[in-house]
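[1] kindly generate the corresponding structure for this input.
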Amino acid sequence: MRVNILKRKNYASCLPWKVKTISLARAVFTLIELLIVISIIAILASLLLPALKKARDSAKGISCKNNLKQMSICFLEYMNDYNSYLPCPKGYRISDGAIKSNFSWKKDLTFLKRDYFNLSQDDLGDTYSGFLMCPSRGEDGGLNNDGTQNTTGVHYGMSYYQTQFNLDHSTYDSAIPVKFTQGHYPRSSTTIWAADSGHNGYEWVASYSSIIERVGTFHNGYANLLYMDGHISAKKKLNIQLWEVDPQLSTN
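    Numbering: from 1, shown residues only. The predicted structure is shown next:
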């Protein structure tokens, strides 16, 4: 029996009470250690947040490209129904001959928006929705290139040469519909059809001052461009060539 008691005492003496006390003491952070941990977290956050923002902006840019792709599909469907005439924002409607816009970038419910974009007035409302709203701009349209508030809420625009110039592009006439032919548009793969707007959705002409003022670069400094063959590309404004805007200009 005595031996058993000694064994029990030996077992008791082996219990790690002091070890536990030491472990708790070591687990307590000093103020310096706490500041070091906070500093490391702050550094990691400063490294990760810009990358996350860039990834988010990139996703918005992809969504914007999808918007333009949806527009091109609707435009092509309209042209297929109306003998290859372009759905220009102003001028006569090929569908019924009325002197009224076929397609307007503004918020009125036009023929093209209703029958080809499948939008209702409720979809338009006070702000654009669906593929007429660029996710990088926000519902209020955001700011124009010059820093002023977008007053129309219009996020996209076209060049005049795809809308309402005479066939020789010498004079402006909103009453002449434009037909898509090889003669009028010999370079469909390099001719811009629509793009991000940086000036209330206004059309632009083949001049660098017009492009800089009216083409929007809201995707990390790039503008999304829809070309007349249906493909989408992103470019900085200074890299847009004049012959990409006016299809009658030579590429040389």
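[2] how about residue 112, secondary structure?
    helix (DSSP: H, G, I helix; E, B strand; the rest coil).
[3] right, and it touches residue 78 too?
    Yes. Using CB atoms under 8 Å, residue 112 makes contact with residue 78 at a distance of 6.1 Å. Using the backbone N, CA and C atoms, a C-beta is placed for each residue, glycine as well.
[4] phi, psi of the residue lying closest to residue 149 once chain neighbours are set aside?
    Spatial nearest neighbour of residue 149, chain neighbours left out: residue 143 (6.2 Å); criterion: CB to CB, 6 or more residues apart in numbering. With angles defined as degrees, to the nearest 10, residue 143 sits at phi -100, psi 150.
[5] residue 143: neighbour count?
    By other CB atoms under 10 Å, 15 other residues sit near residue 143.
[6] distance of it from residue 132?
    Counting by CB to CB, to the nearest Å, the separation of residue 143 from residue 132 is 18 Å.
[7] now do the contacts for the closest residue to residue 241 other than its chain neighbours.
    Distance criterion CB to CB, 6+ apart; nearest residue to residue 241, sequence neighbours excluded, is residue 251 at 7.6 Å. Contacts of residue 251 were listed using CB atoms under 8 Å, 6 or more residues apart in numbering, and they are 187, 190, 241, 243.
[8] now, which of the residues you listed lie within strands?
    Assigned to strands by DSSP state E, none of those qualify.
[9] tell me the buried residues within the residues you listed.
    187, 243 (16 or more other CB atoms under 10 Å).
[10] mind putting the contacts of residue 251 in TSV, distance to residue 119 and pLDDT included?
    As requested, those are exported to TSV (distance: CB to CB, whole Å; pLDDT from 0 to 100):
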residue	distance to residue 119	pLDDT
187	31	91
190	30	94
241	33	93
243	33	92
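[11] farthest-apart pair in the contacts of residue 251, please.
    Using CB to CB, these span at most 10.8 Å, a distance reached by 187 and 241.
[12] which helices and strands does the host helix or strand of residue 33 pack with?
    Under the criterion of DSSP states H and E, residue 33 resides in helix 31-81. Packing partners of helix 31-81 (3 or more CB pairs under 8 Å, 6 or more residues apart in numbering; DSSP states H and E): strand 156-158, strand 192-196, strand 223-227, strand 232-235.
[13] which strands and helices sit next to the third one?
    Yep, that's strand 223-227 we're talking about. So strand 223-227, by 3+ CB pairs under 8 Å, 6+ apart, packs with helix 31-81, strand 192-196, strand 232-235.
[14] return the most buried member of the ones you listed.
    Burial of these is given as mean neighbour count (mean count of other CB atoms under 10 Å); strand 192-196 ranks first at a mean of 25.
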